[in-house]
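Colleague: have a look; sequence and predicted model below, questions after that.
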Amino acid sequence: MITIVGGFYNERCLHPDFREKFGSGLRGCHTIRNLDSEVEIGFHTYAPDDELLNLKIAGSTLNMATYPFKSEQIISFYYDHPMRTPIITPRPDLIVPAETDIVFESDLILYYGMLEGKARVKGKRVVYDPQSPVKPIAFRATGSTADELAVVVNHKEASILAGSWDEATIRNYFFNEEKVAVLVLKMGPKGAKVFNQAGEEHLIPVHKTASVWKIGTGDVFDAIFSYYWMAAGLKPEEAAFKASFMTAIYSNTRNYGFTASKHHEYIQPLNISNYPTGKVYLAGPFFTYGQKWVINEIYRGLQGLGLAVFSPWHHVGEGTVEMGVAEKDIIGLKECKIVFAVVDGLDSGTLFEIGYAVRMEIPVIVYVENETPAALTMLSGTFCVIEKDMTTALYKCLWMLAEKENE
């Protein structure tokens with residue numbers, strides 16, 4: 001049996017539209033059930049009275065045992081888009097803490113951190129993800145124990161727990177203080193690193209996909225790694241590689257059909273040895289509130305991926321030819337290695353910047369939702385990469401720049 005403890009929450013995304021009952025815990029259950037139709041699953045979670053029926057239905061659907069622990073409120077995550085930090089309701093500081101911890105003992109445990117309380121577990125093999133970029137709780141601090149502990153954590157959470165961004169300090173903290181057997185350090189678009197007690201280090205590549213759905217990818221990675229390390233007995237680095245590849249399938253399809261071979265041809269590993277340092281030129285109109293909102297979201301999204309960005313609106317501002325705006329924009333464009341262009345509306349300035357970039361042999365990523373193929377003939381004919389989904393366009397910008405600089 002694999003026992004999972006984690007959140008059972010509402011999730012909503014404005015665009016692309018997404019409205020589901022998941023949370024990290026239930027998503028982990030879905031993932032493992034789709035990996036193995038026979039394995040026993042037990043799901044421990046917090047649930048208010050209003051959610052007990054939904055939890056029962058989930059248990060019946062996935063053929064698993066459910067163990068609800070009393071909580072006081074339904075928790076929901078709202079995303080404007082998958083790259084945006086979600087709005088959580090109730091606000092995290094207003095969530096009523098559960099009166100009791102979730103306490104159990106099991107051989108194989110996947111433990112996701114939760115908002116309304118914590119679990120105190122005892123297991124032979126345990127995988128733990130604190131699931132909090134702001135106030136992560138160390139595994140030992142929950143009062144839990146494990147004969148073999150694997151911590152799967154992103155770099156920001158790890159740096160908060162270890163008190164340092166330095167990788168050597170992070171490793172020292174987890175192996176000497178937390179007594180982990182395995183540390184999986186997730187590094188977002190750069191992939192992950194797996195460390196073991198013998199001091200070995202393994203780089204796990206990110207996998208490029210035709211489409212990118214970001215919500216829940218961390219939960220899916222945790223569950224796949226847990227299944228292959230705990231239940232299938234693979235080495236940690238082997239389990240992590242499978243997790244990276246299969247999570248890419250989930251990201252590409254938004255479902256759990258991990259064995260559907262028709263999707264595999266779109267999944268390609270990418271080793272980013274050195275993070276790209278070249279600038280991205282952000283082209284697009286910013287005359288109305290809606291246009292400014294979109295440009296600002298993309299600006300933040302590119303920065304969130306670790307990329308340096310030159311944005312005419314942010315770095316030059318609005319103005320006239322007499323004020324030298326056009327000249328400053330072109331100077332900025334010449335200093336960039338790739339262009340990210342927002343084309344809806346077919347703004348003349350944006351189209352000019354794309355043409356200028358093509359003439360200079362600078363790659364162009366085009367984000368467009370509403371224009372016809374005929375209107376984009378010159379862009380597609382000059383090998384611009386055209387995407388209708390913003391998250392996919394942002395990630396392809398990163399991947400293309402990384403490949404260009406690592407040639």
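Modeller: That came in fine, so what should we check first? No experiment lies behind these values; they were computed from the predicted model shown.
Colleague: so for G317, what's the nearest residue that isn't a sequence neighbour?
Modeller: V325 (7.6 Å; C-beta to C-beta, 6 or more residues apart in numbering). In this view, the C-beta of every residue, glycine as well, is placed from N, C-alpha and C.
Colleague: helix or strand: which one has P68?
Modeller: Assigned by DSSP states H and E, P68 belongs to strand 65-70.
Colleague: so what's the residue nearest to G317 up against?
Modeller: Taking C-beta atoms under 8 Å, 6 or more residues apart in numbering as the criterion, V325 is in contact with P312, V316, G317, E318, G319.
Colleague: would you map the helices across the stretch 101-250 of the chain?
Modeller: Secondary structure of the stretch 101-250 of the chain, counting by DSSP state H, counting those that start in this stretch: helices at 155-162, 167-172, 217-226, 236-253.
Colleague: same for the least confident helix or strand in the chain by mean pLDDT, what does it pack against?
Modeller: Every helix and strand of the chain was ranked by mean pLDDT, DSSP states H and E. The lowest is strand 268-270, at a mean of 85. With contacts defined as 3 or more C-beta pairs under 8 Å, 6 or more residues apart in numbering; DSSP states H and E, the packing partners of strand 268-270 are strand 206-208, helix 390-405.
Colleague: residues making contact with the last one?
Modeller: Meaning helix 390-405. Counting by C-beta under 8 Å, 6+ apart, 81-83, 189, 208, 210-214, 270, 272, 274-278, 280, 297-298, 301-302, 305-307, 337-338, 340, 363, 365-367, 385, 387 sit against helix 390-405.
Colleague: the first one too?
Modeller: Outside strand 206-208, the residues that touch it by C-beta under 8 Å, 6+ apart are 189-191, 244-245, 247-248, 267-270, 272, 396, 399.
Colleague: coming back round to it: out of the contacts of helix 390-405, which are buried?
Modeller: Buried by 16 or more other C-beta atoms under 10 Å: 81-83, 189, 208, 211-214, 270, 272, 275-276, 280, 297-298, 301-302, 305, 307, 337-338, 340, 363, 365-367, 385, 387, out of these.
Colleague: of those residues, which belong to helices?
Modeller: Using DSSP state H, the subset of these located in helices is E297, I298, G301, L302.
Colleague: for L379, state which of the residues you listed is nearest.
Modeller: Ranked by distance to L379 (C-beta to C-beta), those are led by I298 at 17.4 Å.
Colleague: so for the closest one, what's the pLDDT?
Modeller: Note for I298: predicted pLDDT of 97.
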